[in-house]
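J.: Show me the folded form of this:
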Amino acid sequence: MEKSGTSRGPKAVPAKNKTPAPVQITAEQLLREAKERQLEYVPPPPRQKISDPEELGAFRLKKRKEFEDNIRRNRLNLSNWIKYAQWEESQKEIQRARSIWERALDIDHRAIPLWLKYAEMEMRYKQINHARNIFDRALTILPRANQFWYKYTYMEEMLGNISGCRQIFERWMKWHPDEQAWNTYIKFELRYKEFDRARQIYERLVETHPVPKNWLKYARFEETHGNIDHAREIFERAIQFLGDEYLDEKLYLAFARFEEHQKEHDRATAIYKYALDKLPQEKREDIYKAFSIHEKKYGDRGGIEAIIANKRKIKYEEDLKENPLDYDTWFDYLRLLESEEDAEQIRDGYEKAIAQVPPVMEKYYWRRYIYLWINYALFEELKALDYEKTREVYSMCIKLIPHKKFTFAKIWLMFAKFEIRQKKLSNARKVLGQSIGMCPKDKLFKGYIELEIELREFDRCRTLYEKYLEFNPQNCTTWIKYAELESILGDTDRARAIYELAVEQPILDMPEIVWKAFIDFEIDQEEYDRCRELYNRLLSKTQHIKVWLSYAQFETNNPQNGDLNIEKTRKIYRKAFDSLKNTPNSNESRLMILETWKEFEINNESDEEKIKEVEKLMPKQIKKRRKIQAEDGTDAGWEEYIDYIFPDDQAQSSSLKLLELAKKWKQTNQEN
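T.: Purely as a prediction, here's the structure:
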């Protein structure tokens, strides 16, 4: 007994041979064979010849029944209705054909092919009023179907009903159709030489579709018919109506070429320039080409240069759009704008340029940028003559610079000099005082001091020098300038005190020039004892050969003691020679002392004993070798150098004798 709820199907038999067949059959071959077996050739039905009315009636009844059955099966298929109506038309059954068309329109009154074929049938049988009736009905239902309007107007024009055709066009234009419909109406009027009517239609067209190409067609129409003034007026109206937003370069080109054809070259040039000012960058290329050709034909050198300048301006603007931080390009661009002498345009260019602030707060990246501000201020002051704007530019620049990290003394000084030119000395002092308070700098102190010196405000100069030295006491030039100022004012005690303070400073950038200035100051004051004291103080600090030579030169030129100066000078040379002996690596300096000493004896016509005494001290010149080390510390070989051996140097004399004995031994060995 089988268990309920279980069902066993046929057992699957596995394929015994799974290898592919030697002949493979494609799907295409299977389909082709099935088609050939299914369909057999059926010859077309024979043509019938109808010989009597009864047979014709039976044939018509049969065909009508077939058409009606097709319509009954699918009444929405318009091809069935069209075939049915066309068959009735072929049987000359016009009333029946009309009935079928009407029935079809009841099914789908929005089918444009039905209305068109219906009207075409009436036109073929010259039923004009019926055709008009069909078109009127169709246009009442579908006024936006342009095919009806085209067919209707074409029919009326072929019939010669010009006024009726015009009325249909007017009915059509009330629906504001597309541009092609208006152009068709215009061509219709032109075919019958109705130029005034065509002009009125053009006016209505540019009001309905105010695009540049319609304005161009209107202007070309007037130019073709010789109405030059009216054509120019149309171009001007188009530019005014479209405005800057919707204008096209083709309209400007056509307007300029129109003026060129009328030999109004100045007008054409003005149009090109106006277009270049109004059109955006991407639409100017064709304008530039046409303008260049026009200027080469009819313009002068200035016009051609203006075109080149405009091209350069466009190139600069493109480069700046790609890299707004290219300050060299900004300088070239602004220089080009200044050559055009349009103040507002130049000011706008400078505003755009100074807006490109360097992103890094380092002075290196601001050096070129700051000159944009400087040029802007100079433009406002010298060319625009707007002094309030100049003051505003300087103030904005100073606010922008991060003075805690770095500053530009040039800006502060130029601002102060500008205020002086405006005869506002208090403002200039405020600017410089603010600069020293915010960011003290050597150039700022020097500029402020020079200003006060020119104004003969010496008390202010003293105050500034004191602040300057508090800020940077290592600057030797400041000490010297301060002392020179006091010397010029006749206060030698203050000048001497300043020099004393200077030479007592522990650190100076160039102490030798301070000592020299101090000594020169005492020489000018004819304080020769003080000079000797200064030389001795200086020699206690340094044994530099220039100090000894200067000291000897001072004693030589000293007009105070006369012949005693020669002996004092001789003692200085001797003292210098002996002092440098204990100084390492001073052989060349000692030689220089001796040469200068000998020259001094010769110039003063001393006796031969004095000269020979100096010559006895002259050293011998010998060659020596020493090791050379490279930068990485390795040995780089040997090099020869010149050294000097003085007669009074015993240690070097013994070594010299040893060298002489070595040479003699070498010579004897060579001879043997």
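
J.: helix, strand or coil for the residue nearest to the spatial centre of the chain?
T.: With distances taken as CA atoms, centre = their mean, the residue of the chain nearest its centroid is Leu320 (1.1 Å). Under DSSP: H, G, I helix; E, B strand; the rest coil, the three-state class of Leu320 is helix.

J.: looking at it, it is touching Asp326, isn't it?
T.: Yes: checked against CB atoms under 8 Å, the pair Leu320 and Asp326 is within contact range at 6.7 Å. For glycine as for every other residue, the C-beta is placed from the backbone atoms N, C-alpha and C.

J.: shared neighbours, these two?
T.: By CB atoms under 8 Å, 6 or more residues apart in numbering, Leu320 and Asp326 have no common neighbours.

J.: So, low pLDDT: which residues of the stretch 251-400 of the chain?
T.: 281, 295-311, 314 (pLDDT under 70).

J.: what ranges do the strands span in it?
T.: Using DSSP state E, counting those that start in this stretch, no strands are found in the stretch 251-400 of the chain.

J.: Please enumerate the helices of it.
T.: 265-278, 285-298, 301-322, 327-340, 343-354, 363-378, 387-400 (DSSP state H, counting those that start in this stretch).

J.: and of the ones you listed, who's closest to Met510?
T.: helix 363-378 (25.3 Å; CB to CB).

J.: list the helices and strands that closest one packs on?
T.: helix 327-340, helix 343-354, helix 387-400, helix 409-421 (3 or more CB pairs under 8 Å, 6 or more residues apart in numbering; DSSP states H and E).

J.: Go through it and flag the buried ones.
T.: 366, 369-370, 372-377 (16 or more other CB atoms under 10 Å).

J.: Could you do stretch 444-451 as well?
T.: 444-449, 451.

J.: Now the residues you listed in JSON lines, please, with extra columns for pLDDT, distance to Phe67 and secondary structure.
T.: Formatted as JSON lines, the buried residues of stretch 444-451 follow (pLDDT from 0 to 100; distance: CB to CB, whole Å; DSSP: H, G, I helix; E, B strand; the rest coil):
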{"residue": "Leu444", "pLDDT": "77", "distance to Phe67": "108", "secondary structure": "helix"}
{"residue": "Phe445", "pLDDT": "76", "distance to Phe67": "114", "secondary structure": "helix"}
{"residue": "Lys446", "pLDDT": "78", "distance to Phe67": "113", "secondary structure": "helix"}
{"residue": "Gly447", "pLDDT": "79", "distance to Phe67": "110", "secondary structure": "helix"}
{"residue": "Tyr448", "pLDDT": "78", "distance to Phe67": "113", "secondary structure": "helix"}
{"residue": "Ile449", "pLDDT": "77", "distance to Phe67": "117", "secondary structure": "helix"}
{"residue": "Leu451", "pLDDT": "80", "distance to Phe67": "113", "secondary structure": "helix"}
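
J.: And the contacts of stretch 239-256?
T.: 206, 210, 212-213, 215-216, 219-220, 235, 238, 268, 271-272, 274-275, 278-279, 283-284, 286-287, 290-291, 294.

J.: Quick one, which of the residues you listed are buried?
T.: 206, 212, 215-216, 219, 235, 238, 268, 271-272, 275, 279, 283-284, 287, 290-291, 294.
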